[in-house]
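Peer 1: Below are the sequence and a predicted model; questions follow.
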Amino acid sequence: MTGNYYAIVVAIDFGTTYSGYAFQFTGDYDSEDPTKKILSPQSWNDGPNKLASMKTPTCLLLDRNQDIDSFGYIAEDKYAELCMDGDNMDWYYFWRFKMHLHDTKGLKKTTMIADQTGKELPALTVFSKSIKCMKDHLMKILENKHYVPKDDEIKWVLTVPAIWDDTAKGFMREAAKMAGIPPQHLTLALEPEAASLICQYLPVEKFSVGGQITFSDAKPGTTYMIVDLGGGTADITVHEKVRNGKLKEVNRASGGPWGGTSVDSAFIALISNIVGGPMFAQFIKEDKLDYLDMLREFESVKRNVGLYTLLMTSR
């Protein structure tokens, strides 16, 4: 690599419920529409119900030696089978653990995270191994394209919630470093800011006068709100269009732990109340595969709830 040239840019979205990545070769970059030729793997789409997703569940399965076994849908399915056979106690299974960074006070390198059976490992180990799984997944795809980039040819971008403090952001930098991502080639991007940038290239009917117009055609002074509803957190910020295509933050991001997992928790509580807590707990323990299928089916239903449905039910 010479100067600041990178052959490829890779963005990792490490989510509470789902994670994934996208990449683009810098030679394919189009300044008029940077969204062209952004590639994202489809092989994450797995599971018995073939849940349509550009991402995979954020869950990590380690063997008894704490080595990586699998990540995502494969980890979910294998752990459920281990539970059915009663062989899960020697394994480490971490599920929806990102919110630990939001909930923990005084986060340190020595902070521990408990897996589904109560066994603890350093949080840095869990996060770094998860990032490594996505990194390795990307490298296999590039190898299939007969391209093996050098470390200094890749620009890495890791998205984080805007409401996270500097300690949590520093933690993610360290985890990425442990996963094999060179710190000098890594940039942390705030999730609502990334969303705001991509919005500039989306068609917006309000500004259209006989043709497809994008939000980038909005006049300077236009303000808009970005509501990033993730699995764990909700980030809300307001930006303003200024001259020369630039953006200004009108109000700093705010939010809290009000993401999709709070909806999941309410659903699980509802089912538990209907069938009874002890019976539902027994179902989760003895029928992991059926419980997993139920959660995936509920996820599909959540994604199909449109704005019209929400408005009608809120009246």
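Peer 2: That came through, no problem.

Peer 1: Please report phi then psi for Leu39.
Peer 2: The phi and psi values for Leu39, taken as degrees, to the nearest 10, are phi -100, psi 140.

Peer 1: Check which helix or strand the residue lying closest to Ala11 once chain neighbours are set aside maps to.
Peer 2: For Ala11, ignoring the flanking residues on the chain, the nearest one in space by C-beta to C-beta, 6 or more residues apart in numbering is Val157 at 4.2 Å. Placement of C-beta: from N, CA and C, glycine included. Val157 belongs to strand 154-160 when elements are defined using DSSP states H and E.

Peer 1: residue ranges of the strands in the stretch 51-200 of the chain, please?
Peer 2: Using DSSP state E, counting those that start in this stretch, the strands of the stretch 51-200 of the chain run over residues 56-57, 59-62, 68-71, 92-95, 112-114, 120-122, 154-160, 186-190.

Peer 1: Deepest in the core, which of these is it.
Peer 2: Between these, the one whose residues have the most neighbours on average, counting mean count of other C-beta atoms under 10 Å, is strand 56-57 (a mean of 26).

Peer 1: Please name the strands paired to that one in the sheet, noting orientation.
Peer 2: The strands that strand 56-57 pairs with in its sheet are strand 18-25 (antiparallel) (by DSSP bridges).

Peer 1: Please export the C-alpha coordinates of the partner strand as CSV.
Peer 2: The C-alpha trace of strand 18-25 is given here as CSV (Å, rounded to 0.1, in the frame of the first residue of the first chain):
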residue,chain,number,x,y,z
TYR,A,18,-27.6,-10.0,14.6
SER,A,19,-24.2,-9.2,13.1
GLY,A,20,-22.8,-9.0,9.6
TYR,A,21,-20.5,-7.2,7.3
ALA,A,22,-20.3,-5.6,3.9
PHE,A,23,-17.4,-4.7,1.7
GLN,A,24,-16.5,-2.8,-1.5
PHE,A,25,-13.4,-2.8,-3.7
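
Peer 1: List the beta-bridge partners for Leu190.
Peer 2: Leu190 forms beta bridges with Val160, as assigned by DSSP bridges.

Peer 1: about what we covered before: can you redo the strands of the stretch 51-200 of the chain as TSV with distance to Pro34?
Peer 2: Supplementary listing: the strands of the stretch 51-200 of the chain in TSV, determined by distance: least, C-beta to C-beta, whole Å:
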stretch	distance to Pro34
strand 56-57	25
strand 59-62	32
strand 68-71	29
strand 92-95	34
strand 112-114	36
strand 120-122	38
strand 154-160	13
strand 186-190	14
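
Peer 1: could I get these as CSV with distance to Glu174 and mean pLDDT?
Peer 2: Listed next are these as CSV, based on distance: least, C-beta to C-beta, whole Å; pLDDT from 0 to 100:
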stretch, distance to Glu174, mean pLDDT
strand 56-57, 23, 88
strand 59-62, 17, 95
strand 68-71, 18, 95
strand 92-95, 18, 93
strand 112-114, 15, 90
strand 120-122, 11, 93
strand 154-160, 12, 94
strand 186-190, 11, 93
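
Peer 1: quick one, which of the ones you listed is nearest to Lys219?
Peer 2: The closest approach between Lys219 and any of the strands of the stretch 51-200 of the chain, judged by C-beta to C-beta, belongs to strand 186-190 at 25.1 Å.

Peer 1: now the angle between strand 154-160 and that closest one, please.
Peer 2: Taking axes from the mean of the first three to the mean of the last three C-alpha atoms, to 10 degrees, one finds that strand 186-190 is oriented at 30 degrees with respect to strand 154-160.

Peer 1: All further residue positions should be reported with the first residue as 349.
Peer 2: Yes, from this point I'll number from 349; that puts the last item at strand 534-538.

Peer 1: Check which helices and strands strand 534-538 sits against.
Peer 2: Using 3 or more C-beta pairs under 8 Å, 6 or more residues apart in numbering; DSSP states H and E as the contact definition, the elements that strand 534-538 packs against are strand 502-508, helix 514-526.
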